[in-house]
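Visitor: Predicted model follows, preceded by the sequence.
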Amino acid sequence: MNGVFSAVVGTFILFPFIVTILFLIIMKRIGRAPKSVMGLAADVTTPFLFIGIYVISYTIFGIGTAFYIAGIAIVIAIILAFIERGAVKDFRIVRLLRKIWRFYFLFSVAVYLLLISFGTVLKIIEYLK
């Protein structure tokens, strides 16, 4: 049982978009339109992307990057808070946190795809030598 659980969690971490697809399928079966739950699917997928980025970068580079990932996330949150504070008169924390979390999703997708591409090319070059 432990092995099955580890395999499922490992799959979700390595391929976080499976979580997105499963979430959208479940919401469709419940009766909610996929367009209306796309933001929620992104919200659910973001932690898996963070962990996936850590695991992939550790595999590629061999060093822990958790400090850098957390540091970049904090800097992004600070920058977006300053932008939001200057642009909006009515400053709402919940709205800001939702924007930050969704930006993390977009940023994490880009980094995840770059790391997967870079790692694949690097391993192919390594294999050919």
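Guide: Here it is on my side, so go on. Residues are numbered from 1 along each chain as shown.

Visitor: nearest spatial neighbour of the spatially most central residue of the chain, skipping sequence neighbours?
Guide: What sits nearest the mean C-alpha location of the chain, by CA atoms, centre = their mean, is Leu49, with 2.7 Å. Distances taken as CB to CB, 6 or more residues apart in numbering put Ser108 closest to Leu49, at 3.8 Å, once the chain neighbours are dropped. Quick note: C-beta positions are derived from backbone N, CA and C, even for glycine.

Visitor: chain center to the helix or strand encompassing the one you found: distance?
Guide: Applying DSSP states H and E as the criterion places Ser108 in helix 93-128. With CA atoms, centre = their mean, to the nearest Å as the basis, helix 93-128 stands 7 Å off its chain's centre.

Visitor: Then stretch 72-90?
Guide: Between the centre of stretch 72-90 and the centre of its host chain there is 20 Å, according to CA atoms, centre = their mean.

Visitor: Show me what that stretch is in contact with.
Guide: Residues from elsewhere that reach stretch 72-90, judged by CB atoms under 8 Å, 6 or more residues apart in numbering: Phe50, Phe91, Arg95, Leu96, Lys99, Ile100, Phe103, Tyr104, Phe107.
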